[in-house]
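>>> what's the 3D shape of this:
(3 chains)
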Amino acid sequence: MVNKIFMFAAIIGVPLSIIGSLMHLPSIMMFIIYCLTIIALSSFMGRATESLAIVAGPRIGGLLNATFGNAVELIIAIFALQQGLTEVVLASLTGSVLGNLLLVAGLSFFIGGVKYKRQHYNVFDARHNSGLLMFAVIVAFVIPEVFSISMTDRETQSLSIGISAILILLYVAALFFKLVTHRGVYQTEGENKHAHEETPEWSVKKSIAILAIATLAVAYVSEHLVHTFEVVAESFGWSELFIGIIIVAIVGNAAEHASAVVMAYKNKMDIAVEIAIGSTLQVAMFVAPVLVIISLFFPTPLSLVFTLPELVSMAASVLLMVIISNDGETNWFEGATLLAAYVIMGIGFYLL
Amino acid sequence: MVNKIFMFAAIIGVPLSIIGSLMHLPSIMMFIIYCLTIIALSSFMGRATESLAIVAGPRIGGLLNATFGNAVELIIAIFALQQGLTEVVLASLTGSVLGNLLLVAGLSFFIGGVKYKRQHYNVFDARHNSGLLMFAVIVAFVIPEVFSISMTDRETQSLSIGISAILILLYVAALFFKLVTHRGVYQTEGENKHAHEETPEWSVKKSIAILAIATLAVAYVSEHLVHTFEVVAESFGWSELFIGIIIVAIVGNAAEHASAVVMAYKNKMDIAVEIAIGSTLQVAMFVAPVLVIISLFFPTPLSLVFTLPELVSMAASVLLMVIISNDGETNWFEGATLLAAYVIMGIGFYLL
Amino acid sequence: MVNKIFMFAAIIGVPLSIIGSLMHLPSIMMFIIYCLTIIALSSFMGRATESLAIVAGPRIGGLLNATFGNAVELIIAIFALQQGLTEVVLASLTGSVLGNLLLVAGLSFFIGGVKYKRQHYNVFDARHNSGLLMFAVIVAFVIPEVFSISMTDRETQSLSIGISAILILLYVAALFFKLVTHRGVYQTEGENKHAHEETPEWSVKKSIAILAIATLAVAYVSEHLVHTFEVVAESFGWSELFIGIIIVAIVGNAAEHASAVVMAYKNKMDIAVEIAIGSTLQVAMFVAPVLVIISLFFPTPLSLVFTLPELVSMAASVLLMVIISNDGETNWFEGATLLAAYVIMGIGFYLL
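Here you go, the predicted model:
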């Protein structure tokens, strides 16, 4: 049922987006159409990656989910960067981190926890992820913030590029660690069985084809979405910050939200956590630094210097998640705590 | 013996407080009398809650202890709020958090640890508490501090009210989680036995009657205590900050100090921790937001924006406690570490 | 082989240092000679302490390693203090903390982890160390930073002295805890066996004699090294901050680097961790406060107020290490993460 609505929305939404943008229909109407179309397309990408995930096992499956979930955000961000909207890009990165870490994980823990009293996931993965979250946010994002206070723009730029290179290197090293040198080393018994209980919805070929087409369509729609921000911000009295952090993040992460919650509801917490936290790590350690490097080819370079509210929100979220997740166990109350933190930050960014 | 001294102090102290305030005796003398009377009354409240706690079991017992321990602070704070002393209120909230987290827990761990080499408490409770401490202080207190920098007073006020509502909701959800949906789920074997080893000092009826009378008397004395702050601050060369953070906190928490240490000495670490950390959580997640909402009916509204030294002290204490407590084990050195942190902050606030 | 090169370097280096300084050779040349001589002398101190460590067991061995590793830094710092270079002293303390926590531990974890898939060390020690790291950096270093903003220089000085006294007291208490009241309490089985597998390279007498002579020589060379900083900073375009944090720290910690990595390679992670983290703790809890107190006898007093980049770097490193180390297990990727953090901070301080 839900799938049919999404299919319908995508089939209607894509041509409507094309026609609407050619006919210069009112920006607010187009903003809504673009958002809904992206969500519908994301659901296809979500189903395609889920099909691939069943074949590939929980860890690679989570990685696929994270990658294609973030593809949408990366595409939106590149178009925003092209327009010189560096503040919107930083805001949407922040929004992605907060959205994945607090909203996606929070909803998964909460909804999964309402059904099951105690849910478990691999405690080694939890610790591995905690270390990376600390590294990415508390080290790699905090350092340029503080150091740039007494730096020139050029020096800040150099520092950002250096940090970006190290983030990408360490992200690749983390994949190498997880998939090559320590593959299966930290696996608990019976963990691999899950994957084979189900049959994928689509074949591998069909999944890849759908992923490719949907990604292209998302790219097209995203480009036009970015152009509506200014008008929408004015009309609703929202700041561009709020659009970037809350709206873009929710639209761009719709697929992850859906699949993580479904996995939690099926008690597959390893995948749910991998989607939520894996996606956060990918945004912080891959999407963000790649954007810094891509921005060198655009007129306005991107520095890894967030606003103070953005940085503090991310840092607080990471510290909260690290403490909540390090026992490899979840329940509805831990989900509620994460959601409460998200609401507090949402109110903050709305009022800002 | 000690109990008799306290009874004597209470029987002398209450009428002395009434007569002294009617006769306008010197403020400093009255300040001392008020403080001693409150401590004496607190000891009665402590014994009454302990009697109730024995009947009710360790978790509800800890909650009762925390609640009636904080009743005194709530009462003092409301009178201070009525006088428009919002700075004193924020200072006394800070003092309560620091006092419970570092002084009460520190003394318990230290004194218990001198008697027993290794003391244990429920590790699930420790983790649950850690998550809430992080949420309350690192998220709910840090966010308004940072966001308010670029906000108007009205916006800061709105943010405070929003956060207060969420804090109270999550506090109630935490009780629901602990006492309803996950009651006993994380209990380790034999934990419930403790409660029935002892017989309560007073009957339930007598305990409730004493609690009611002592609370009323505390309220009366507190109102007059608040009026002496200005003169005392001047005479001793103390800042109102120091009075709020150190003096009011020690006076207001005397009961918790005593009962937590006694419990630790009896090797009942679950109760000692519940008093110290449970009380901290209650101050941060219930007393503070309730005061924000009550303040809407007073001329000077209260915002959840602490001074930077207050906030940083609380955040540092929470991070220290989270790392020290997450193994569910204590020893005298962990107590000494907490006490050392308290002394450092005490020196800081004294010199400020 | 390596040992012979070091012996040669020391035998050549010490007289060369003496002659060079008497003949007023160019500062940059002398700077290089002094640095190499100190590294060579450090290697002797390292071998001597290792010989003592084999006799004394892993914990006291680690303490010895940390103490004589830090002796060099303490000596350099006292000469810098005498010159009134308080900024260089604070920078070199920061450099020591970062160097030990990120570079020494990172290299040990990485190189040990390349050889062994999973390496283990005493998880109780890891937690004990985590508590102390939090106390020293997040409480004792952060508090004066924040409080001093609204303090006079005199008050800041008083706060620094008070905190220094408490740091030294707690450091002594930690030794008392580890070596007296809780000696062996947290020991895992078979841990003590390691020590007796090997025979020490030198006798206890010879080790102590070499330690004494090498320490004296280091003191002599260090005094002259400090005088070259200004010229070197100018010539290379480095800030004195960069010299203090990166160069002095690497030179001063060369011995620890070498012995920790060797221990990790031999899979003796307890000693490697004790050297890296034990040394950090000794710098923060003993060297730093001792310097504050010694500085009272010098014209320029030293306050425990680091620059913001220094403090934030240390705080981020501690948080990262606490999260990475609290499971008592290491692998190459954890080492890589620590090294990546060190490189990021190195770039930052270089550009500053």
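>>> looking at it, residue A:199 is touching residue A:54, isn't it?
Yes: between residue A:199 and residue A:54 a contact is recorded at 7.2 Å, counting by CB atoms under 8 Å. In short, each C-beta sits where N, CA and C put it, glycine included.
>>> So between these two, which is more surrounded?
residue A:54 (21 against 8; other CB atoms under 10 Å in any protein chain shown).
>>> For chain C, what is the nearest residue in the stretch 251-352 of chain A?
With CB to the nearest CB, the shortest gap between the stretch 251-352 of chain A and chain C falls at residue A:322, namely 5.9 Å.
>>> nearest spatial neighbour of that residue, skipping sequence neighbours?
Distance criterion CB to CB, 6 or more residues apart in numbering or on different chains; nearest residue to residue A:322, sequence neighbours excluded, is residue A:130 at 4.5 Å.
>>> now do residue A:114
The spatial neighbour of residue A:114 that comes closest, neighbours along the chain excluded (CB to CB, 6+ apart), is residue A:332 at 5.2 Å.
>>> and the one you found, how many residues sit next to it?
The local packing of residue A:332 (other CB under 10 Å) involves 22 other residues.
>>> For it, give me its contacts.
A:109, A:110, A:112, A:113, A:114, B:177, B:181 (CB atoms under 8 Å, 6 or more residues apart in numbering or on different chains).
>>> next one: phi and psi at residue A:120?
Backbone torsions for residue A:120, taken as degrees, to the nearest 10, come to phi -120, psi 150.
>>> Grab the nearest non-local neighbour of it.
residue A:329 (5.5 Å).
>>> could you measure that neighbour against residue B:217, distance?
According to CB to CB, to the nearest Å, residue A:329 and residue B:217 sit 45 Å apart.
>>> Likewise for residue A:45?
Taking CB to CB, one finds residue A:45 at 67 Å from residue B:217.
>>> Also residue A:63?
64 Å.
>>> now do residue A:323
40 Å.
>>> Quickly find the element holding residue A:49.
helix A:27-56 (DSSP states H and E).
>>> Break down chain A into its strands, ranges please.
Using DSSP state E, the strands of chain A run over A:119-120, A:329-330.
>>> The residue of the stretch 251-352 of chain A closest to chain C reaches residue A:133, doesn't it?
Yes: between residue A:322 and residue A:133 there is a contact under CB under 8 Å: 6.1 Å.
>>> Residue in the stretch 1-150 of chain A with the shortest distance to chain B?
Closest point on the stretch 1-150 of chain A to chain B, by CB to the nearest CB, is residue A:117, at 6.1 Å.
>>> Next, that residue: phi, psi?
When read as degrees, to the nearest 10, the backbone of residue A:117 gives phi -70, psi -50.
>>> count of residues packed around it?
With other CB under 10 Å as criterion, residue A:117 counts 11.
>>> just residue A:111 next, same as before
17.
>>> same thing with residue A:165?
By other CB under 10 Å, neighbour count at residue A:165 equals 15.
>>> For the stretch 1-150 of chain A, just list every one of the helices.
For the stretch 1-150 of chain A, applying DSSP state H, counting those that start in this stretch gives helices covering A:2-22, A:27-56, A:58-82, A:86-98, A:105-115, A:123-133, A:142-147.
>>> Now do the top helix by length along chain A and helix A:2-22, the angle between them.
Looking across chain A with DSSP state H, the single longest helix is helix A:204-236. Interaxial angle, helix A:204-236 versus helix A:2-22 (axes from the mean of the first three to the mean of the last three CA atoms, to 10 degrees): 60 degrees.
>>> and helix A:204-236 with helix A:86-98, angle?
120 degrees.
>>> related to what we said a few turns ago, and residue A:323 and residue B:217? Which one has more around it.
residue A:323 (24 against 21).
>>> Can you name the residues that contact that one?
Counting by CB under 8 Å, 6+ apart, residue A:323 makes contact with B:127, B:130, B:131, B:134, B:322, B:326.
>>> Mind giving me the PyMOL select for the residues you listed, buried ones only?
Typed into PyMOL, the line below selects the buried ones among the contacts of residue A:323, using 16 or more other CB atoms under 10 Å in any protein chain shown:
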select buried, chain B and resi 127+130+131+134+322+326
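>>> For the contacts of residue A:323, please prepare JSON lines with the additional fields distance to residue A:172 and pLDDT.
Shown next, in JSON lines, are these (distance: CB to CB, whole Å; pLDDT from 0 to 100):
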{"residue": "B:127", "distance to residue A:172": "33", "pLDDT": "89"}
{"residue": "B:130", "distance to residue A:172": "33", "pLDDT": "93"}
{"residue": "B:131", "distance to residue A:172": "32", "pLDDT": "94"}
{"residue": "B:134", "distance to residue A:172": "31", "pLDDT": "96"}
{"residue": "B:322", "distance to residue A:172": "32", "pLDDT": "94"}
{"residue": "B:326", "distance to residue A:172": "32", "pLDDT": "85"}
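>>> Looking at the contacts of residue A:323, which one is closest to residue A:148?
Nearest to residue A:148 among the contacts of residue A:323, counting by CB to CB, is residue B:134 at 27.3 Å.
>>> For residue A:312, which non-adjacent residue is closest in space?
residue B:146 (4.5 Å).
>>> where does that neighbour sit relative to residue B:156, distance-wise?
From residue B:146 to residue B:156 the distance is 11 Å (CB to CB).
>>> Likewise for residue A:313?
Distance from residue A:313 to residue B:156, by CB to CB: 16 Å.
>>> okay, the two: which has more neighbours?
Each of residue A:313 and residue B:156 has its neighbours counted (other CB under 10 Å); residue A:313 has more, 31 against 20.
>>> what's the spatially closest residue to that one that is not a sequence neighbour in contact with, if anything?
Leaving aside its sequence neighbours, residue A:313 sits nearest to residue A:345 (CB to CB, 6+ apart; 4.9 Å). Counting by CB under 8 Å, 6+ apart, residue A:345 touches A:98, A:102, A:313, A:317, B:139, B:143.
>>> Give me the neighbour count for the last one.
Neighbourhood size, residue B:143 [other CB under 10 Å]: 23.
>>> swap in residue A:23?
8.
>>> Run through the residues that contact it.
Going by CB under 8 Å, 6+ apart, residue A:23 touches no other residue.
>>> same deal with residue A:344?
Contacts of residue A:344 (CB under 8 Å, 6+ apart): B:139, B:140, B:143, B:162, B:163, B:166.
>>> Show me what from the stretch 101-250 of chain A comes close to chain C.
A:127-128, A:130-132, A:134-135, A:138-140, A:142-144, A:146-147, A:149-151, A:155, A:158-159, A:162-163, A:166, A:169-170, A:173-174, A:177, A:181-182, A:185 (CB under 8 Å from any CB of the partner chain).
>>> In PyMOL, how would I select the buried members of those?
In PyMOL syntax, the buried subset of these is picked out as below (16+ other CB under 10 Å):
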select buried, chain A and resi 127+128+130+131+132+134+135+138+139+140+142+143+144+146+147+151+155+158+159+162+163+166+170+173+174+177+182
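>>> got the contact list for the closest residue to residue A:203 other than its chain neighbours?
Of all residues not flanking residue A:203 in the chain, residue A:51 sits nearest, at 7.6 Å (CB to CB, 6+ apart). Taking CB under 8 Å, 6+ apart, we find residue A:51 in contact with A:200, A:201, A:202, A:203, A:204, A:206, A:207.
>>> ok, which residues in chain A are in contact with chain B?
A:117-118, A:308-309, A:312-313, A:316-317, A:319-320, A:323-324, A:326-327, A:331-334, A:336-337, A:340-341, A:343-345, A:347-348, A:351-352.
>>> Pass me the low-pLDDT residue ranges in the stretch 51-200 of chain A, would you?
By pLDDT under 70, the low-scoring segments of the stretch 51-200 of chain A are A:58-59, A:62, A:65-66, A:69, A:187-197.
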